[in-house]
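Trainee: model this:
(chains A, B, C and D, ligands or ions: 4)
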There are 2 protein chains.
Amino acid sequence: MKRNTWQREAVRTALSENENFVSAQALHGALKQSGSSIGLATVYRALADLADEGEADSLQQEGEALYRACTPGSHHHHLICRNCGLTVEIEATAVEDWARQVAAQHGFTRAEHVVDVFGLCEACSRLQADPSSS
Amino acid sequence: MKRNTWQREAVRTALSENENFVSAQALHGALKQSGSSIGLATVYRALADLADEGEADSLQQEGEALYRACTPGSHHHHLICRNCGLTVEIEATAVEDWARQVAAQHGFTRAEHVVDVFGLCEACSRLQADPSSS
DNA sequence: AATCGTTTTGACAATCATTCTCGATAACGT
DNA sequence: ACGTTATCGAGAATGATTGTCAAAACGATT
Ligand SMILES: [Zn+2]
Ligand SMILES: [Zn+2]
Ligand SMILES: [Zn+2]
Ligand SMILES: [Zn+2]
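Mentor: Ligands and ions are numbered 1, 2, ... in the order given. Below you'll find the model as predicted:
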């Protein structure tokens, strides 16, 4: 059976304290900073578990996996700022339907999909337009 | 200025000989197999170039980058078989519009998106349903 | 509370894809 | 053909992730 360890709980907590997507390494760093003695491998394992239990969402950016505590049990996608990491959860029934349909039309089964939107959030867009105002 | 080397051409050719997405390593292996003396780093460089010149599409699967020679100049997405790699190019005007809109609604600029659909193609679906028929 | 079988941990090594280094090579404009 | 300079290739370096395995922690059960 699955056991409850303070390590798993620490990862869960640390994750939920971050509004945005974070890497395993970053999370481990933060935990160590705050005095925890948790191991890096444990953070990786805990995040992987959380992800396939549906308690966290994950995505790949620049070759590394990022995780985020997300609204549990709800399938959704993300709008992410390339500059500051600000993340917005977005629902999109239309996209879900489209994905299902296009798969079916080509005879595909067990369809899953990866849908992420990246951009510059409002604040970062302003900064880039007028860097002097920082 | 950019030069034309047989290495670049070899990668381009090898890529277009593959119907499906392939990794840099796999492509390098295939080239070596057929007698080429091209270096691995060169394959990586050539693929990266092809990708941002729009001659190839790329996606991340299981932590590695895969490339495919795609219909040039047309933005599209892919429906990919998780088992055999069969790939179908799909157009999705509705998704393009949706992505643009959802970004704009939240004040995001320079929106880009990652949209891929994975599943089991018709043949692989059959095999999985009745493995004895192989 | 002590015991016991099983799960989880963590330090470290190992793996694996990708990038970097840098001297050698080869394109291309002249 | 010449010189300039982008490109190449072999191997080292990097960086994220996973594997190893003895020690520690769980939790059910006395
Ligand atoms: Zn931002
Ligand atoms: Zn979806
Ligand atoms: Zn298939
Ligand atoms: Zn698109």
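
Trainee: domain ranges for chain A?
Mentor: A:1-72, A:75-134 (automatic domain parsing).

Trainee: B:V95 is nearest to which of the ones you listed?
Mentor: Closest to B:V95 of those, according to Cβ to Cβ: domain A:75-134, at 6.1 Å. Where you see a C-beta, it was placed from the backbone N, CA and C, and this is true even at glycine.

Trainee: quick one: the closest one near ligand 3?
Mentor: No: using Cβ under 5 Å from the ion, domain A:75-134 never reaches ligand 3; the gap is at least 8.5 Å.

Trainee: average model confidence for that domain?
Mentor: Domain A:75-134 shows a mean pLDDT of 91.

Trainee: cool, stretch A:35-52 as well?
Mentor: Averaging pLDDT along stretch A:35-52 gives 96.

Trainee: check which residues of it are buried.
Mentor: A:36, A:38, A:42-44, A:46-47, A:50-51 (16 or more other Cβ atoms under 10 Å in any protein chain shown).

Trainee: with just CA atoms, put it into PDB.
Mentor: Provided in PDB are the C-alpha atoms of stretch A:35-52 (Å, rounded to 0.1, in the frame of the first residue of the first chain):
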ATOM      1  CA  GLY A  35      15.600  23.600   6.300                       C
ATOM      2  CA  SER A  36      14.300  20.400   4.900                       C
ATOM      3  CA  SER A  37      16.600  17.400   4.600                       C
ATOM      4  CA  ILE A  38      14.700  15.800   1.800                       C
ATOM      5  CA  GLY A  39      16.600  14.100  -1.000                       C
ATOM      6  CA  LEU A  40      16.500  15.000  -4.600                       C
ATOM      7  CA  ALA A  41      15.500  11.600  -5.800                       C
ATOM      8  CA  THR A  42      12.600  11.700  -3.400                       C
ATOM      9  CA  VAL A  43      11.400  14.900  -4.800                       C
ATOM     10  CA  TYR A  44      11.400  13.400  -8.300                       C
ATOM     11  CA  ARG A  45       9.500  10.400  -7.100                       C
ATOM     12  CA  ALA A  46       7.000  12.400  -5.200                       C
ATOM     13  CA  LEU A  47       6.300  14.600  -8.200                       C
ATOM     14  CA  ALA A  48       5.900  11.700 -10.500                       C
ATOM     15  CA  ASP A  49       3.400  10.200  -8.100                       C
ATOM     16  CA  LEU A  50       1.400  13.400  -7.700                       C
ATOM     17  CA  ALA A  51       1.300  13.700 -11.400                       C
ATOM     18  CA  ASP A  52      -0.200  10.400 -12.200                       C
END
